[in-house]
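> Dropping a prediction and its sequence here:
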Amino acid sequence: MTNRNAFPEHSALIVAEQSRRDSRQRRSVASFLPELNQLERLLLDAPERFRARTLHHVEVEDMTLPLYRVDVGSSDPDAPALVLVGGVHGLERIGTQVVIAWLESLSERLRWDENLASLLDRVRVVALPLLNPGGMYLNQRSNPNGVDLMRNAPIEAQGKITFLLGGQRISPRLPWYTGDALENGMEPENRALESVIEEAVSGHSFGLSLDCHSGFGWQDQIWFPYAYRRRPMRRIASVMALKLLWERTYPHHNYVFEPQSTHYVTHGDLWDYFYKRVNRHRNTTFIPLTLELGSWRWIKKRPRQLFSIQGLFNPLVPHRHERVLRGHLMLIDFLLSATAHYRNWVPTAEQEPLLRQAAIMQWYRQTHS
């Protein structure tokens, strides 16, 4: 048996080098990835109902960055699930910050809000606040392999796509590179997310997801599938029912509900892929939503942001940043309650035809004319 103390000097050198490496990593993460520090501080101080684990480690430069999964609420695997995702694109830090802000609010409320604790007994929350830590550390849209995670699913667009924007396989040096998921599988970050969807949503009664992004536009938009074709998804009636529920509950909201294909068609859309996989189960209803924060408003109020890559996608003025973080708490709270009480609003077989027709008239009139 090898004596571990046989080489004390070498052991000391190894420990010292590891300590220096860890110290460099901590300083580097604090400088370039404060969102990860914020998430880890939250998890250290969160109530016992918060459960966290690492799904994957991302290697970038000389760093190892964790991809965290955070679970809150019911441990019943058949409970309806709300999945929250942020940081798919490394430049869009505000998406991660919105998810963390809601988790911070949830953590504090669980210390005193018995109604919230009771609600969480009947619903699961699964959050991946920072899906692309390597891309965010490198301050780039793609992951460290140069792949746009939102274009990386094994699904092909139908019809004409916008050059580059709809996904390209020319080079990872160009934006919107899809990778080669059809032959080699999705990127590790997306496989980690897929494992969450398969475990928490697929085959269960109900699931809803919100993926938080920053996108060009004057208004905050809530997108839903499809992105790969300009035709309604099979369960569009459920999306219309959720939209109407939101509008009746909060009639003065400022979101625009639309299918993503209203704006452009893409290859490899992640949520199209998950939606089609999960909803093959007849007894499962899964509604994936994407929150696209309208960044043009921030640029209009502060045109200097055009000269900063961060300014194109994130509010840089402190009071606007704080307004964005608190502005979407109500939406996520609503989605949590809607998930827990889905049986009270998901349309029945008798209600579906009317709601589907209403959805087609609102969003697909041109494609069905």
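Right, received. Where do you want to start?

> in the protein, what spans have low per-residue confidence?
Residues of the chain meeting the criterion pLDDT under 70: 1-24, 26, 367-369.

> burial measure for the closest residue to residue 232 other than its chain neighbours, as a count.
Using Cβ to Cβ, 6 or more residues apart in numbering and skipping residues adjacent in sequence, the residue nearest residue 232 is residue 364, 5.3 Å away. Placement of C-beta: from N, CA and C, glycine included. Neighbourhood size, residue 364 [other Cβ atoms under 10 Å]: 17.

> Enumerate every residue touching residue 364.
Contacts for residue 364 (Cβ atoms under 8 Å, 6 or more residues apart in numbering) come out as 230, 231, 232, 259.

> Just give me the residue closest to the centre of the protein.
residue 85 (2.3 Å; Cα atoms, centre = their mean).

> before we move on, what SS does that residue have?
Three-state assignment for residue 85 (DSSP: H, G, I helix; E, B strand; the rest coil): strand.

> Verify the stated contact: it with residue 193.
Yes: with contact defined as Cβ atoms under 8 Å, residue 85 reaches residue 193; the gap is 6.8 Å.

> Name the residues contacting each of these two.
Here residue 85 and residue 193 have 128, 131 as joint contacts, going by Cβ under 8 Å, 6+ apart.

> For stretch 354-369, list every residue counted as buried.
355, 356, 358, 359, 360, 363, 364 (16 or more other Cβ atoms under 10 Å).

> Pull it out as CSV, backbone CA atoms only.
Written as CSV, here are the backbone C-alpha positions of stretch 354-369 (Å, rounded to 0.1, in the frame of the first residue of the first chain):
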residue,chain,number,x,y,z
LEU,A,354,-63.2,26.5,-29.8
LEU,A,355,-59.8,27.5,-28.2
ARG,A,356,-57.9,26.1,-31.1
GLN,A,357,-60.0,28.1,-33.6
ALA,A,358,-59.5,31.2,-31.5
ALA,A,359,-55.7,30.6,-31.6
ILE,A,360,-55.6,30.1,-35.3
MET,A,361,-57.6,33.3,-35.9
GLN,A,362,-55.3,35.3,-33.7
TRP,A,363,-51.9,33.9,-34.7
TYR,A,364,-52.2,31.9,-37.9
ARG,A,365,-54.8,33.6,-40.0
GLN,A,366,-52.5,34.0,-43.0
THR,A,367,-51.2,30.4,-43.1
HIS,A,368,-54.8,29.1,-42.8
SER,A,369,-56.5,31.5,-45.3
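
> gap between the residue nearest to the centre of the chain and residue 125?
Note on residue 85: its distance to residue 125, by Cβ to Cβ, to the nearest Å, is 12 Å.

> before we move on, what about residue 169?
36 Å.

> which of those two has more neighbours?
Per other Cβ under 10 Å, whichever of residue 169 and residue 125 has more neighbours is residue 125, with 25 against 15.

> and that one, what does it touch?
70, 71, 72, 73, 81, 82, 84, 106, 336.

> next one: residue 45
For residue 45, the contact set (Cβ under 8 Å, 6+ apart) comprises residue 107.

> mind listing the helices for the protein?
8-32, 34-45, 93-109, 114-119, 133-138, 181-184, 188-200, 236-249, 270-278, 296-301, 318-327, 329-340, 352-363 (DSSP state H).

> Please identify the deepest-packed of these.
Of all the helices of the chain, helix 133-138 has the most neighbours on average by mean count of other Cβ atoms under 10 Å, namely a mean of 26.

> same for it, what does it pack against?
On a contact count with 3 or more Cβ pairs under 8 Å, 6 or more residues apart in numbering; DSSP states H and E, helix 133-138 meets helix 8-32, helix 34-45, strand 51-60, strand 63-73.

> got a list of contacts for it?
Against helix 133-138 from outside (Cβ under 8 Å, 6+ apart): 28-29, 32-33, 35-36, 58-60, 63, 65-67, 87, 89-91, 93, 96, 130, 141-144, 149.

> neighbours around residue 228, how many?
For residue 228, using other Cβ under 10 Å, the count is 25.

> do you know how far it is from residue 266?
For residue 228 relative to residue 266 (Cβ to Cβ), the value is 7 Å.

> which neighbours do these two share?
residue 157.

> Now the contacts of residue 125 in CSV, please, with extra columns for distance to residue 217.
What follows is these, written out as CSV (distance: Cβ to Cβ, whole Å):
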residue, distance to residue 217
70, 29
71, 32
72, 31
73, 32
81, 29
82, 25
84, 21
106, 28
336, 25
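
> Run a quick check on residue 358 versus residue 240, I expect a contact.
Yes: counting by Cβ under 8 Å, residue 358 touches residue 240, with 5.6 Å between them.

> if I look at residue 186, how far off is residue 145?
Distance, residue 186 to residue 145, using Cβ to Cβ: 11 Å.

> same deal with residue 353?
45 Å.

> Could you report the neighbour count for residue 175?
Quick note: residue 175 (other Cβ under 10 Å) scores 14 neighbours.

> which residues does it contact?
141, 142, 148, 164.

> hmm, which of the residues you listed are the buried ones?
If we count by 16+ other Cβ under 10 Å, the contacts of residue 175 have these buried: 141, 142, 148.

> Leaving out the residues flanking it, which one is nearest to the second one?
Right, the one you point to is residue 142. Nearest non-adjacent residue to residue 142, counting by Cβ to Cβ, 6+ apart: residue 148, 5.2 Å away.

> quick one: the one you found from residue 185, how far?
16 Å.

> what do you get for residue 243?
For residue 243, the distance to residue 185 - Cβ to Cβ - is 34 Å.
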